[in-house]
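# how does the following fold in three dimensions:
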Amino acid sequence: MNADSTTLLAWYDRHRRTLPWRALPGMHSDPYRVWLSEVMLQQTTVKAVIPYFHAFTTRWPSVADLAGASDADVMAAWAGLGYYSRARKLIECARVIAAEHGGHFPQTESALLKLPGIGPYTAAAIAAIAFGEPAVVVDGNIERVTTRLFAIDTPLPAAKPIIKARVGDMTPLTRPGDFAQGMMDLGATICTPRKPACGLCPFREACKAHHLGSEESYPVKPPKPQRPRRFGAAFVMTRGQDILLGRRPPKGLLGGMVEVPGTEWVSDFDESLAFRDSPIAQLNWRRMPTRVEHIFTHFALEVTVYSAEVPPGTLAPKGLRFEPFADLDRLGLPSVMRKIAEVGLGSNR
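The predicted model follows:
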C-alpha cells in the first residue's frame, strides 16, 4: 500500500473527529472558526480548548465582533489557556481584518501570512481548510506521522524542511483541507506518541518505522535543555472580603493580565529585599508556608507568598484596586496568579 492522499482521505471519511470548529462533510469551513481554533490549539490540547472555543464564539460569533471587543474582556476570557501573547495577537489580527479587509479573511496563504500573529503553520491551515488552497500544513501530529512513515532520522528541528517536503509531495490539489485534518486526526487518535495503534492505521503497510519495529523512536528529538528557575514574592493584601489586585504592563509575559502585586521574577532573587517593592511595606505581613510553583515555556517559577489584612476603608495604593473575592473568576486571573491568590487567601475566602 502506498502512502498517498487517497488512502488517507478514505480513512478520514470514515473516522473523522467531530470538533466544534470543523465543518460537517460537504460544508464549507468558516475561516474565523478555523483561525480561532488553530490559535487556541497552539501548545494546548483539544480537550482544554473546546470550552474556550464555545465561550468565544458565543460571545464573539464573528471576527468583526471580536475586533470590537475590549482588550480586557478578551484577555479575561482567555485566562487559563496560557501563552497570553496569543490572545494579544488575536485581538490585533481581528482588528486588522475588520479595518483593512472589510471583516473578511484573505484567501491565500501568502496574504494570510501578512496578518499579525499568523505564522506559516496557521496561514497554511486556514488556506487549506477554509479556502481549499493546496498549502502544506505541518503541525506536531503531522510531524509524528510523517517521520514514522518515512523513518526520517534527522532530529527536530533540523528535520522540519524534510518533513514539509514529504507532506508537500502527498498534499492533493483537491480536498487539501480534508487531507490536512485527516493527518492531524491520524496523529491524534492512531499514530500517538506512545503505543500507537498500528493495526488500525491506513498507512500500516507503507510505514517504514512500523516495518522497523521502532515507531516510538520517531520523531527524533534533541536532548531537552535544563529549564532555568526564577524566584519572586507576591503580596496578597485583603480588606474584609476584598483582595488587592493590579494589572501587568501591556507587553511582556502575561501582558495586560490581572495580577496579584509582587516583585520581579529573577534568578538571583533576594527574599530579604522583597518588601522593598511591596504595596505597603509597613504592614504585618505573614509568610505563607506553601510556595507557588509554576512552569512557563522557558523557565520554572517559584513564588513566596505573603499575606496581610488591612482595616475596612483602607484605600488601595496608586495603580492598584480592591476587588471582591467572589469576582476572581470573572476577572480572569492567569493560572499562576490564581494559585498565588488561593495560597494567600487561605481560609479567608
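# would you map the strands across the stretch 201-349 of the chain?
Taking DSSP state E, counting those that start in this stretch, the strands of the stretch 201-349 of the chain run over residues 229-239, 242-247, 258-259, 286-287, 292-295, 300-309, 321-324.
# figure out which of those strands is closest to Thr44.
strand 292-295 (14.1 Å; CB to CB). C-betas here are computed from N, CA, C, even on glycine.
# counting by contacts, list what that closest one packs against.
For strand 292-295, the packing partners by 3 or more CB pairs under 8 Å, 6 or more residues apart in numbering; DSSP states H and E come out as strand 300-309, helix 335-345.
# how about Ile190, what does it touch?
Counting by CB atoms under 8 Å, 6 or more residues apart in numbering, Ile190 touches Pro196, Ala197, Cys198, Leu200, Cys201.
# separation between it and Asn141?
10 Å (CB to CB, to the nearest Å).
# and stretch 284-302, how far from the chain's centre?
Distance, stretch centre to chain centre, for stretch 284-302: 22 Å (CA atoms, centre = their mean, to the nearest Å).
# need the distance between the two termini of it.
22 Å (CA to CA, to the nearest Å).
# stretch 193-203 too?
Note: stretch 193-203 ends 16 Å apart using CA to CA.
# mind listing what's buried in the lowest-mean-pLDDT helix or strand in the chain?
Here the helix or strand of the chain ranked lowest by mean pLDDT, DSSP states H and E is helix 328-331, holding a mean of 84. Neighbour counts using 16 or more other CB atoms under 10 Å place Leu328, Leu331 of helix 328-331 among the buried residues.
# got the CA coordinates for it in PDB?
Output in PDB follows, covering the C-alpha atoms of helix 328-331 (Å, rounded to 0.1, in the frame of the first residue of the first chain):
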ATOM      1  CA  LEU A 328     -11.900  36.400  40.800                       C
ATOM      2  CA  ASP A 329     -13.500  34.100  38.200                       C
ATOM      3  CA  ARG A 330     -14.900  37.000  36.300                       C
ATOM      4  CA  LEU A 331     -11.700  38.900  36.300                       C
END
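# hmm, who's touching it?
Contact with helix 328-331 is made by Ala76, Ile243, Leu245, Val258, Glu323, Arg338, Ala341, as judged by CB under 8 Å, 6+ apart.
# okay if I get those as a markdown table plus pLDDT and distance to Val292?
Listed next are those as a markdown table, based on pLDDT from 0 to 100; distance: CB to CB, whole Å:
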| residue | pLDDT | distance to Val292 |
| --- | --- | --- |
| Ala76 | 88 | 21 |
| Ile243 | 95 | 15 |
| Leu245 | 95 | 16 |
| Val258 | 91 | 16 |
| Glu323 | 93 | 19 |
| Arg338 | 92 | 10 |
| Ala341 | 94 | 10 |
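# isn't Pro249 right up against Met257?
No: using CB atoms under 8 Å, Pro249 is not in contact with Met257; the gap is 9.9 Å.
# so for the two, which sits in the more crowded spot?
Met257 (24 against 11; other CB atoms under 10 Å).
# neighbours of Gly255, how many?
Neighbours of Gly255 (other CB under 10 Å): 16.
# what strand or helix carries the residue lying closest to Val136 once chain neighbours are set aside?
Spatial nearest neighbour of Val136, chain neighbours left out: Gly168 (4.4 Å); criterion: CB to CB, 6 or more residues apart in numbering. Element membership for Gly168 (DSSP states H and E) is helix 160-170.
# send the alpha carbons of that helix over as CSV?
Extracted in CSV, the C-alpha atoms of helix 160-170 (Å, rounded to 0.1, in the frame of the first residue of the first chain):
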residue,chain,number,x,y,z
LYS,A,160,11.3,20.3,9.6
PRO,A,161,12.2,21.1,5.9
ILE,A,162,12.5,17.4,5.1
ILE,A,163,9.1,16.7,6.7
LYS,A,164,7.5,19.7,4.9
ALA,A,165,8.8,18.4,1.6
ARG,A,166,7.4,14.9,2.2
VAL,A,167,4.0,16.3,3.2
GLY,A,168,4.0,18.6,0.2
ASP,A,169,4.5,15.6,-2.1
MET,A,170,1.4,14.0,-0.5
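# so what does that helix touch, helix or strand wise?
Using 3+ CB pairs under 8 Å, 6+ apart as the contact criterion, the elements in contact with helix 160-170 are helix 140-149.
# so how far is the helix it packs on off the chain centroid?
Worked out by CA atoms, centre = their mean, helix 140-149 lies 21 Å from the chain centre.
# now do it against helix 160-170, angle only.
80 degrees (axes from the mean of the first three to the mean of the last three CA atoms, to 10 degrees).
# give me the residues contacting helix 140-149.
3, 138, 152, 156, 159-160, 163, 166-167, 180, 183-188, 191, 193, 196, 203, 206-210, 215, 218-220.
# of those, buried ones?
For these, buried by 16+ other CB under 10 Å: 3, 138, 152, 156, 159, 163, 166-167, 180, 183-188, 191, 196, 203, 206-210, 215, 218-219.
# quick one: neighbours of Lys318, just the number.
6.
# Gly346 versus Arg33, what's the distance?
Going from Arg33 to Gly346 by CB to CB gives 42 Å.
# so for the two, which residue has more residues nearby?
Arg33 (22 against 15).
# just give the nearest non-adjacent residue to the more buried one, would you?
Nearest residue to Arg33 in three dimensions, chain neighbours excluded: Trp21, at 4.4 Å (CB to CB, 6+ apart).
# same check, this time on Cys191
By the measure of CB to CB, 6+ apart, the closest residue to Cys191 outside its immediate chain neighbours is Val145, 4.8 Å from it.
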